[in-house]
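J.: Below are the sequence and a predicted model; questions follow.
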Amino acid sequence: MSESDGIFMSKESEALPLVNPFGDPYQNLDKPAPAPVAKKPGYDSLDYDICYNVPYKRMLRKYTKYTYWHTAIMRWVVVGMIGFLTGLVAFLLDFGMSALLRSKFSVFNQVLESYLPQGTLIYPFLVLLAFNILFTLVSAIVTVIEPMSGGSGVPEIKCYLNGVKIPRVARVGTLFSKAIGVLFSVSAGFFVGQEGPMVYIGSVIGAGLPQLRSLLPCVKKFVFPYPYFRLDREKRDFASSGAAAGVASAFGAPIGGTLFSLEEGSSFWNQGLTWRTLFCSFCATFTFNILLSATASSEGFNSRPGQVNFGSFQGIAGHWKYYHLVIFAAIGAGGGLLGALFNSLSKRITRHRMSYLQKRKGARVFWRVLEAVLVITTTTLLVFICGAALSTCVDHTPASVASSDTEAKMFELERNSYFCPSADDYNRTGQDYVNDVTTILFNSQEVATQLLFHLEDAFSVSTLWIVFVLYFCVSCWTLGTAISSGLFIPCIVTGALYGRLVTIFFETYNIPVLSAAFREVYTGTYALIGAASFLAGVMRMTLSLTVIMVEATQQVTYGVPIMVSVMVAKWVGDIFNEGIYDISIRLKKIPYMEWESPEQMDRLSAEDVMSKDLKYLPLISQVGTIDNLLRTTPHSAFPIAESSVSSNSKVPILYRGKRLISEGSEDTSLEVSIASMYQSQRPVSSKHVQHPRDFTYAIKTEGGDGEKDNKQLVLHGLILRSQLVTLLKNNVFIDESEQADPKTILSHDQMMQDYPRFSENLKRELTEEEKAYKFIDLSPYMNPCPYLITSKSPLPQVFNLFRTMGLRHLPVIKATGSFVGIITRHDLTHENLHHVREQHKSSPARAGIHH
């Protein structure tokens, strides 16, 4: 069961002795040791459900028609700013990477030209290695300082949008660490890309921009005079738009970015969010193009829609027939198998890394940085050896290998002649030597992708095999290293190599019918299909990936071939394992909720998964009770409930009248009678102890199960841990004989003053008088209308309600209305549900109930 969002009492806590933690005001008792501070688990849940308490309703009553119009307009303004800032960051990263790569290879070229005629390659290698290690150290050190900036960040954002509160996932410091880390990791020569980190960066900008108080924590006196959008559900929607903007700026695919956020990122969606997200994506793409057109290397506006440019497929995209779909499907099946193999190997490597590197106490930072240095050293060595010893220097002219004048010009600019005869040899022999291995490995991955898509005969079979195996293995090893890294571009390059190898295989062996069909289609088309299929085999994306690839190629006619290959790749890959992002979530043990409940769960009901041992608070609670509860439990919310005894009970219960604040106007109140169930140390357990100042009576009956048979809980609502801390912090206390004054109720702004960084406990020490003699009326601040479900409700229904409404807690009641348990996110994860199902099967008594 959950400890983070759960509201239950463990059996161990029930065995603790009942003592008075505040001292007895009438007796001289020894003062016990202070209560231990409860540890908070790593993953909590976000509050996507609105708390309709008195402060919130008072705020809504102040809203006018202008307020709603103003809020709607500001939503569009904010998403536009998110798109602009995401596009700006994408441009700065692209410009910085280009500058660092130019500086590195400028020095490397000078050293290579000086020592290559002498036959000495050790000095050029050491220079290249020194640059790569230097850049790696910057990226790795930034990552170990801020661990959340490691990897692509897509799994973390996926969980955040699913409702999981991951520590430091949306901090401005993490954003800068991610940007600096990916800038130097790509420049260092790792087989990684910046596309995944751009999704993370866009989401953090989206989540943080409306929360300027959280973006600027160092400015203590800064107050942003805008009260709107300070809710988790608002941050969630803006983060969804930011994720789409990140994809749009990376690939120049605004529609694909919107679909990516819908398919792979967000768990909650609505029609209004669709249009705002699309607008945000267009703003990001437009901003990136405007800024890029101002640089010297640009060929004009929209010459390069995103960071990744596949080149122009104009005039060659439509040369396929309906029977070629069989070939595309076969390539997709191979991409699915390769993707499943990649994910399996990556999972094994990550498990080994988590077991042996990340658990080393005291030296974890050292070992993680050392691993990153080892990976880049090995990568640099392999790339250098392949380029110097395993490559082929062939005579190629631009016109012989390119499909158009534009591609010939591109080849002329990007071709590489490292370790080949010099220019003097070219002038004597009239031959133009090109090193096909270094043309791929010593250029950026974006350039390598263009060359593989558009050059017909520039690469030999041995070159394609060498680079394919190198990319596949090294990318798999690099994934999970302590650097900021993306996986899109390495998968695209690996898949493009796979597609070219498939083409060469059919051309070489001249298989009847198939070989002839293969020659009817442009070679780069198979590279594109291979890239899409391998990417789908690794990530298991379908709709969004298809649209992204179509937008990146700017050819709608490629839609059907890409869709067929992507779907087949996903189907084949799903036979063996999950997508790489889902595997990462499982390994990190993040309580992610899938789209649907697992199969064969119809026989389970809510009572099978709910937490039954509860801790609850009465409507009017003692201050010491609340403080002790916060310090001794890690729970994020507590039910507001009171007990009643069935008619056959022979024990009298004391009732005391109290005036409670209603949900109406400020000058109205509701006269109700409530049971005074206060307790000194454990007033919230299912057993009560008598205290001289709390009017508490022990509930007992003769024989049987006692309170289990006679005691029922009446649920009044839920109150969050953060709300209790805020009430204690603001001293919203009343004396035992006083009534709660409607004028002293905190406003909604006061309740949300510390959002989103609420304290887990009250930082100051309460006085003994406050603990023993002061009370808090919780009725105005609790959520009086949480979603409820009956204990006999089938589990799929429970799962759908929890998942669809984005709940954090789901109270369970019996058919009679009594409160019997609560369900949290941890109770509905697939892992826990499978565990409960196995327990259910092994219990004949329980299993027989549902037959």
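T.: Structure received. Bear in mind that the values here come from a model prediction, so they are computed numbers and not experimental data.
J.: Show me where the stretch 501-650 of the chain dips below the pLDDT cut-off.
T.: By pLDDT under 70, the weakly predicted segments of the stretch 501-650 of the chain are 511-515, 645-650.
J.: residue contacts, the residue nearest to residue 197 when sequence neighbours are not counted?
T.: Nearest in space to residue 197, with sequence neighbours left out and distances taken as CB to CB, 6 or more residues apart in numbering, is residue 182 at 4.2 Å. C-beta here means a position set from N, CA and C on the backbone, and glycine is covered the same way. Counting by CB atoms under 8 Å, 6 or more residues apart in numbering, residue 182 makes contact with 93, 139, 192, 194, 197, 484, 485, 486.
J.: next one: residue 729
T.: 759, 762.
J.: can you check residue 209 too?
T.: Taking CB under 8 Å, 6+ apart as the contact definition, residue 209 lies against 78, 81, 82, 85, 215, 238.
J.: Among the residues you listed, name the ones in helices.
T.: By the criterion of DSSP state H, membership of the contacts of residue 209 in helices covers 78, 81, 82, 85, 215, 238.
J.: pull the helix or strand with minimum mean pLDDT from this structure.
T.: One helix or strand of the chain scores below all others by mean pLDDT, DSSP states H and E: strand 669-675, with a mean of 33.
J.: can you give me the strands for the stretch 701-850 of the chain?
T.: With DSSP state E, counting those that start in this stretch as the criterion, the stretch 701-850 of the chain has strands at 711-720, 734-735, 774-777, 789-790, 809-813, 819-824.
J.: My understanding was that residue 442 contacts residue 418; is that so?
T.: Yes: counting by CB atoms under 8 Å, residue 418 is a contact partner of residue 442 at 6.1 Å.
J.: ok, residues contacting stretch 58-71?
T.: 228, 666, 745, 747, 748, 749.
J.: what about that stretch, how long is it end to end?
T.: Across its full length, stretch 58-71 reaches 18 Å end to end, with CA to CA, to the nearest Å as the criterion.
J.: any idea of the mean pLDDT in that stretch?
T.: Stretch 58-71 comes out with an average pLDDT of 90.
J.: just the ones in helices among the contacts of residue 209 now: which is nearest residue 622?
T.: Comparing those against residue 622 with CB to CB picks out residue 215 as the nearest, at 38.6 Å.
J.: Quick check on residue 146: phi, psi?
T.: Main-chain dihedrals, residue 146, degrees, to the nearest 10: phi -120, psi 90.
J.: which non-adjacent residue is nearest it?
T.: Beyond its immediate neighbours in the sequence, the residue positioned closest to residue 146 (CB to CB, 6+ apart) is residue 177, lying 3.9 Å away.
J.: Going by residue numbers, what spans are strands in the chain?
T.: Using DSSP state E, the strands of the chain run over 44-45, 164-165, 393-395, 433-435, 620-622, 637-645, 655-661, 669-675, 711-720, 734-735, 774-777, 789-790, 809-813, 819-824.
J.: neighbouring strands for the second one, and are they parallel or not?
T.: Just to be clear, that refers to strand 164-165. Here the strand partners of strand 164-165, with direction, are listed using DSSP bridges: strand 44-45 (antiparallel).
J.: So what touches the partner strand?
T.: Residues from elsewhere that reach strand 44-45 (CB under 8 Å, 6+ apart): 4, 5, 163, 164, 165, 591, 636, 808, 824, 825.
J.: Give me the lowest-pLDDT entry from these.
T.: Out of the contacts of strand 44-45, that is residue 4, at 44.
J.: okay if I get the strands of the chain as TSV plus mean neighbour count and distance to residue 767?
T.: As requested, these are exported to TSV (neighbours: other CB atoms under 10 Å; distance: least, CB to CB, whole Å):
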stretch	mean neighbour count	distance to residue 767
strand 44-45	23	30
strand 164-165	21	33
strand 393-395	16	84
strand 433-435	22	79
strand 620-622	25	14
strand 637-645	22	23
strand 655-661	15	24
strand 669-675	14	27
strand 711-720	21	23
strand 734-735	12	14
strand 774-777	22	9
strand 789-790	18	42
strand 809-813	23	32
strand 819-824	25	33
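J.: now these in CSV, with distance to residue 122?
T.: As requested, the strands of the chain are exported to CSV (distance: least, CB to CB, whole Å):
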stretch, distance to residue 122
strand 44-45, 54
strand 164-165, 50
strand 393-395, 20
strand 433-435, 19
strand 620-622, 75
strand 637-645, 64
strand 655-661, 80
strand 669-675, 84
strand 711-720, 63
strand 734-735, 80
strand 774-777, 74
strand 789-790, 70
strand 809-813, 64
strand 819-824, 60
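J.: Now for residue 167, how many residues are close by?
T.: Here the neighbour count serves as a burial measure; for residue 167 (other CB atoms under 10 Å) it reads 12.
J.: ok, back up a step: and the residue nearest to residue 146, what does it touch?
T.: By CB under 8 Å, 6+ apart, the residues touching residue 177 are 142, 143, 145, 146, 148, 149, 484.
J.: Give me the pLDDT value at it.
T.: pLDDT, residue 177: 93.
J.: So residue 238 sits against residue 206, correct?
T.: Yes: look at residue 238 against residue 206 with CB under 8 Å: they come within range, at 4.0 Å.
J.: Please enumerate the shared neighbours of these two.
T.: Common contacts of residue 238 and residue 206, defined by CB under 8 Å, 6+ apart, comprise 79, 82.
J.: which one of those two has more residues nearby?
T.: residue 206 (33 against 27).
J.: Most neighbours of all the contacts of residue 209, which one?
T.: Highest neighbour count within the contacts of residue 209: residue 82, with 32 neighbours (other CB under 10 Å).
J.: How about the contacts made by that residue?
T.: 202, 205, 206, 209, 238, 241, 242, 245, 280, 283.
J.: Distance check, the residue nearest to residue 146 against residue 797.
T.: Spatial separation of residue 177 from residue 797 under the definition CB to CB, to the nearest Å is 43 Å.
J.: same check, this time on residue 114
T.: As it turns out, when the distance is counted by CB to CB, residue 114 lies 74 Å from residue 797.
J.: do residue 450 as well
T.: Per CB to CB, residue 450 is found 51 Å from residue 797.
J.: Please apply the same query to residue 639.
T.: The spacing between residue 639 and residue 797, counted by CB to CB, is 21 Å.
J.: ditto for residue 231
T.: With CB to CB as the criterion, residue 231 and residue 797 are 27 Å apart.
J.: Those two: who's more crowded?
T.: residue 231 (19 against 15).
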